[in-house]
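Trainee: Build me a model from this:
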Amino acid sequence: MIRIRVPSCCCLLSLPCLVAQEPTQPTEPPPSRLQALQQAMQDVRRQPGTASSLIGPGPVTSTPGQLRLIDVSLDIVAAAGSSTATDAELSDLQGGGHDPKKRGFTLQQAELSIGGAVDPYFTAESHIVWFLDPVAGETNVELEEAFVTSQALPYDLQLKAGMFLTEFGRLNAVHPHAWDWQDQPVILSRVFGGDGMRAPGARMSWLLPTGNYTEVFATVQNANGEQMTSFLANEEVYAERAIGGRAFAPSPVRSFGDLVYTGRLLSSWDLSDASSTAVGASVAFGPNATGDGADTLIWGADFVYKWRAPSNQRGWPFFKLQGEFVGRQFQAAGQIDDSDPLDPVTVPGRTLRDHGAYLQALWGFEPGWDVGLRGDWASGSGDSYDPGTQTFARSADPYRCDRFRISPMIEYHPSEFSRFRLQYNYDDTDAIGDPVHSVWLGFEILIGKHPPHKY
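Mentor: As a prediction, this is how the structure comes out:
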């Protein structure tokens with residue numbers, strides 16, 4: 001039996017819409033994520049050269065799920081410029097590990113990122129960075145991150161485990177190539193070190209059942225290592241930039257009290273169809289490397305506001321305002337400087353306090369073009385000790401003295417895979433008598449698909 005069906009799009013004047021149709025058959029439901037993954041893995045096993053198939057340009061699957069197993073990308077960031085400061089002064093002034101900090105050319109980093117689905121329950125990411133030492137010119141390789149993230153825990157819980165950047169504030173967990181400016185904010189360099197705070201550990205987060213996005217993070221990580229500057233760190237860290245001039249005192253891990261614990265609360269909501277905002281608060285606590293019983297407490301607050309015109313072209317025009325405040329309370333244990341056995345110096349125990357903030361505004365005024373302004377400020381209390389002169393003075397410590405920096409910047413994006421940035425830094429720091437003027441021209445290219453960064 002043939003049945004005539006009149007589609008809902010038809011009207012009396014649209015007679016050609018009337019067609020003869022066979023009785024419709026029930027359609028099969030789309031494959032689940034598990035079925036898509038299983039089918040993709042079967043397809044991979046049937047093809048020669050499994051490894052090359054996995055990292056090919058397209059998803060290895062014959063199902064509508066389009067499940068990509070592995071994404072690979074390479075991001076290269078470089079800069080050229082000059083400064084009224086010497087290269088030796090720039091190494092302290094530009095405290096970020098991947099900042100442009102040399103007259104002439106700097107390869108800030110080349111980051112290889114690999115990420116993808118392990119199975120329906122976990123995804124994994126790894127980020128490996130190459131860069132050239134600005135002074136010696138040697139090639140350095142560092143494992144920036146390597147971790148797994150759960151995808152199927154109940155009650156909107158999520159687990160991250162491995163080596164990862166600590167989710168504290170807005171920028172610490174963001175890779176340098178994703179920053180709007182070319183260098184690390186001053187207060188972040190002081191508190192978290194040149195490469196940001198990161199270490200092996202685990203993080204559990206909970207997405208609260210609220211009307212807007214609200215998530216709570218709880219993290220536990222090792223306290224030692226090159227990137228745990230404010231905590232147990234290591235001897236190399238204290239040789240380069242000892243906090244308050246204190247000496248390194250090795251401390252073994254004896255209990256869970258010798259780890260670093262971090263908490264963060266982040267909430268965001270839409271203000272209108274064109275704008276949104278997010279605010280967060282973070283705190284971290286753990287032992288430091290100046291002696292038994294010495295601890296460090298770090299706290300911070302942050303926000304971001306974003307606006308993008310409803311009728312935009314490739315995302316332009318837009319406006320973003322972002323700021324962050326970070327404070328540190330560092331309990332320095334009492335020590336004896338016996339470098340001169342005939343004249344030992346008692347370095348008393350003291351609480352060293354550091355705090356600072358940055359505020360930056362970025363305006364995308366037409367497709368491909370942005371202009372921005374950032375201000376940095378850092379200060380503190382409690383004198384630093386200088387072993388060379390055996391004197392106490394915070395003003396002579398480049399990583400704790402009073403400092404102000406302002407940085408206008410303009411950038412151009414030829415495409416979503418490349419950009420140029422021209423940035424000027426005006427630095428006023430107690431560690432250098434006269435203000436410092438620096439200009440940096442940066443260039444970045446991205447090859448492949450990079451895992452997305454958080455809001």
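Trainee: For the chain, give me the ranges with low pLDDT.
Mentor: 1-69, 450-455 (pLDDT under 70).
Trainee: give me every residue that touches the residue nearest to Y238 when sequence neighbours are not counted.
Mentor: Spatially, and ignoring its direct neighbours in sequence, Y238 is nearest to F248 (3.7 Å; Cβ to Cβ, 6 or more residues apart in numbering). (C-beta placed from N, C-alpha, C; glycine too.) Shown in contact with F248 (Cβ atoms under 8 Å, 6 or more residues apart in numbering): A233, N234, E235, V237, Y238, A239, A242, A289.
Trainee: Leaving out the residues flanking it, which one is nearest to A79?
Mentor: The nearest residue in space to A79 (Cβ to Cβ, 6+ apart) is P100, at 3.7 Å.
Trainee: Just confirm the one you found is within a helix.
Mentor: No - counting by DSSP: H, G, I helix; E, B strand; the rest coil, one finds P100 to be coil, located in no helix.
Trainee: List the contacts of it.
Mentor: A79, A80, G81, Q94, T106, Q108, Q182, D183, W440, G442.
Trainee: First-to-last residue distance for stretch 213-229?
Mentor: 32 Å (Cα to Cα, to the nearest Å).
Trainee: returning to what we had before: hmm, which of the contacts of P100 are the buried ones?
Mentor: Using 16 or more other Cβ atoms under 10 Å as the burial test, these include A79, G81, Q94, T106, Q108, Q182, D183, W440, G442 as buried.
Trainee: Contacts only, for the closest residue to the third one other than its chain neighbours.
Mentor: With Cβ to Cβ, 6+ apart as the measure, K101 is the residue that lies nearest to Q94, at 3.7 Å, once sequence neighbours are left out. K101 is in contact with D87, L90, S91, L93, Q94, P134, counting by Cβ under 8 Å, 6+ apart.
Trainee: Run me through the strand neighbours of the top strand by length along the chain, direction for each.
Mentor: Ranked by number of residues, the top strand in the chain under DSSP state E is strand 295-313. Sheet pairing of strand 295-313 (DSSP bridges) gives strand 275-287 (antiparallel), strand 316-332 (antiparallel).
Trainee: which stretch among those strands comes nearest S205?
Mentor: strand 275-287 (12.6 Å; Cβ to Cβ).
Trainee: got the buried residues for that closest one?
Mentor: S276, A278, G280, S282, A284, F285, G286, P287.
Trainee: just how off-centre is stretch 306-323 within its chain?
Mentor: 21 Å (Cα atoms, centre = their mean, to the nearest Å).
Trainee: what residues does that stretch touch?
Mentor: Taking Cβ under 8 Å, 6+ apart as the rule, stretch 306-323 contacts 170, 180, 273-277, 302-305, 357-369.
Trainee: Which of these fall in strands?
Mentor: Per DSSP E, the contacts of stretch 306-323 map to strands at 275-277, 302-305, 357-366, 369.
Trainee: Now restrict the residues you listed to buried residues only.
Mentor: 276, 302-305, 357-364.
Trainee: among these, which two are most distant?
Mentor: Going by Cβ to Cβ, the pair spanning those furthest: A357 and G364, at 23.9 Å.
Trainee: State the distance from the spatially closest residue to F420 that is not a sequence neighbour to W316.
Mentor: Residue nearest to F420 in three dimensions, not counting chain neighbours: Y412, with 4.9 Å by Cβ to Cβ, 6+ apart. Separation of Y412 from W316 (Cβ to Cβ, to the nearest Å) stands at 12 Å.
Trainee: What of G442?
Mentor: 20 Å.
Trainee: Tell me if Y238 really is in a helix.
Mentor: Yes - according to three-state DSSP, the state of Y238 is that of a helix.
Trainee: and it, what does it touch?
Mentor: R246, A247, F248, A289.
Trainee: Now list the buried members of the residues you listed.
Mentor: Using 16+ other Cβ under 10 Å, the buried ones in those are R246, A247, F248, A289.
Trainee: Can you tell me which of those end up in strands?
Mentor: Per DSSP E, those never map to strands.
Trainee: Could you list the buried residues of stretch 209-228?
Mentor: Neighbour count says stretch 209-228 has E215, F217, T219, V220, Q221, N222, A223, N224, G225, E226, Q227, M228 buried, by 16+ other Cβ under 10 Å.
Trainee: Dump these to TSV, plus distance to A309.
Mentor: Compiled in TSV, the buried residues of stretch 209-228 are given as follows (distance: Cβ to Cβ, whole Å):
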residue	distance to A309
E215	28
F217	32
T219	37
V220	43
Q221	41
N222	45
A223	46
N224	48
G225	44
E226	44
Q227	39
M228	43
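Trainee: Tell me the one of the contacts of F248 nearest P435?
Mentor: Nearest member of the contacts of F248 to P435, counting by Cβ to Cβ, is A242, at 26.4 Å.
Trainee: so I447 sits right up against L112, yeah?
Mentor: No - contact criterion Cβ atoms under 8 Å: I447 and L112 do not qualify, at 9.9 Å.
Trainee: Overlap of the contact sets of these two?
Mentor: S73, L74.
Trainee: So L373 belongs to a helix, correct?
Mentor: No - using three-state DSSP, the assignment for L373 is strand, not a helix.
Trainee: hang on, the earlier thing: return the member of the contacts of K101 nearest to L74.
Mentor: When those are compared against L74 (criterion: Cβ to Cβ), the nearest one is P134, at 21.2 Å.
Trainee: Name all residues that make contact with that closest one.
Mentor: So P134 contacts D87, S91, K101, K102, T106 (Cβ under 8 Å, 6+ apart).
Trainee: gap between the third one and A396?
Mentor: Distance, K101 to A396, by Cβ to Cβ: 20 Å.
Trainee: who does I336 bridge with?
Mentor: According to DSSP bridges, beta-bridge pairing links I336 with T346.
Trainee: That one and V345 touch, don't they?
Mentor: Yes - using Cβ under 8 Å, I336 makes contact with V345 at a distance of 7.3 Å.
Trainee: Good, wrapping up.
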